[in-house]
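Visitor: My questions concern the predicted model and sequence given below.
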Amino acid sequence: MEEMAMVLKDQDLNQLVYNALSFGTAVMLGAFVYFLTQIKSVAKQYQSGVAVSAVVVGIAGYHYYRIWSGWAEGSVNEGYRYADWLITVPLLVIELLIVLGVTADKRKKLMTTLVPATVLMIGLGYPGETSTSDSTKWTFWILSMIPFLYILWTLNGELKAAGSRETGAVASSIKNATSVLLVTWLFYPIVYLFPVIFDPTDGIEATRQVGYTIADVTAKALYGVMILNIAKARSGDSH
């Protein structure tokens, strides 16, 4: 994996990114412990969904620690972020399908298309992320957006279908999860293009790092809470 020097000239911006990465590490590791304590609080058929949430933030916590440590030394390896996404994004899809109550047969069918699509999306995004060429970034952004839009369209459809089947706390929890999914996932392709849209200054690099961190915390830790709420509501515990 290619390591890129990311020392910012503006020390305030450097400190901002350092603090954001520290915050991301703490949230992910804290969420990991929390989700472990909550596995037994839901019905047996949904416990694996909560366990997957714990795995997701645990893996993210490790990678954020590595990114944070690298930044403190004056560099960042973007490979850590993409290695994290390559593992955790398929798991995010799986945990959602579990708690939505999708039948085993349908879940298996969806996973055979969604999981490869997530791998393709992340794999296509990496060359553009690490390239210094705007045309290369645009090319791989467009290519990665194809599986990205397919995944988002499919998951949104499953969330809406599940929401229409439910009432009360379950429907409310699914609606909240839908909002988090759509808003957060749409944030990633925008942040990806920051170096292309804006002049590559210290401020843009800092914004990109902080933007990805906010998106990750929301898409993994907060989303995990949404998943837990759905599981609890389905288990007859809306607390």
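Guide: Structure's in. What do you need? Note that the structure is a prediction, hence the values are computed from the model and not measured.
Visitor: What degree of burial does Thr112 show, as a neighbour count?
Guide: Using other C-beta atoms under 10 Å, Thr112 is surrounded by 10 other residues. For every residue, glycine as well, the C-beta is placed using N, CA and C.
Visitor: same thing with the one 10 residues further on?
Guide: Under the neighbour criterion other C-beta under 10 Å, Ile122 is assigned a count of 23.
Visitor: thought it was touching Val89?
Guide: Yes - under the contact definition of C-beta atoms under 8 Å, Ile122 touches Val89, with a separation of 6.3 Å.
Visitor: who are the neighbours in contact with Gly203?
Guide: Asp10, Leu13 (C-beta atoms under 8 Å, 6 or more residues apart in numbering).
Visitor: could you pull out the helices for the chain?
Guide: Counting by DSSP state H, residue ranges of the helices within the chain are 11-38, 44-72, 78-99, 104-130, 134-165, 168-192, 194-197, 202-216, 223-234.
Visitor: Any stretches of the protein with poor pLDDT?
Guide: Filtered on pLDDT under 70, the chain yields the residue ranges 1-9, 200, 202, 237-239.
Visitor: which ones are touching the residue nearest to the spatial centre of it?
Guide: Compute the mean C-alpha point of the chain, and by C-alpha atoms, centre = their mean the closest residue is Ala219, 4.1 Å away. Residues counted as contacts of Ala219 (C-beta under 8 Å, 6+ apart) are Leu92, Val180, Leu181, Thr184, Trp185.
Visitor: Leaving aside the residues adjacent along the chain, what's closest to the last one?
Guide: Which is Trp185. If the residues on either side of it in the chain are set aside, Trp185 comes closest to Leu152, at 5.7 Å by C-beta to C-beta, 6 or more residues apart in numbering.
Visitor: How about the first one?
Guide: For Leu92, ignoring the flanking residues on the chain, the nearest one in space by C-beta to C-beta, 6+ apart is Val56 at 6.1 Å.
Visitor: Tell me how far the one you found lies from Thr167.
Guide: When distance is defined by C-beta to C-beta, to the nearest Å, Val56 is 29 Å away from Thr167.
Visitor: Could you count how many residues lie near Ser75?
Guide: For Ser75, the count of nearby residues is 12 (other C-beta under 10 Å).
Visitor: Quick check: which of the helices of the chain is buried the most?
Guide: When these are scored by mean count of other C-beta atoms under 10 Å, the highest mean neighbour count falls to helix 223-234 (a mean of 24).
Visitor: tell me what it is packed against?
Guide: Applying 3 or more C-beta pairs under 8 Å, 6 or more residues apart in numbering; DSSP states H and E, we find helix 223-234 packed against helix 11-38, helix 44-72, helix 78-99, helix 168-192.
Visitor: relative orientation of it and helix 78-99 in degrees?
Guide: With axes from the mean of the first three to the mean of the last three C-alpha atoms, to 10 degrees as the criterion, the two stretches helix 223-234 and helix 78-99 enclose an angle of 10 degrees.
Visitor: roughly how far is stretch 194-202 from the heart of the chain?
Guide: Computed by C-alpha atoms, centre = their mean, to the nearest Å, the chain-centroid distance of stretch 194-202 equals 23 Å.
Visitor: picking that back up, dump the residue contacts of the residue nearest to Trp185.
Guide: Counted by C-beta under 8 Å, 6+ apart, Leu152 has contacts Leu181, Leu182, Trp185, Leu186.
Visitor: Nearest to His63 among the residues you listed?
Guide: Nearest to His63 among the contacts of Leu152 is Trp185, at 18.6 Å by C-beta to C-beta.
Visitor: For the closest one, give its distance to Ile151.
Guide: From Trp185 to Ile151 the distance is 8 Å (C-beta to C-beta).
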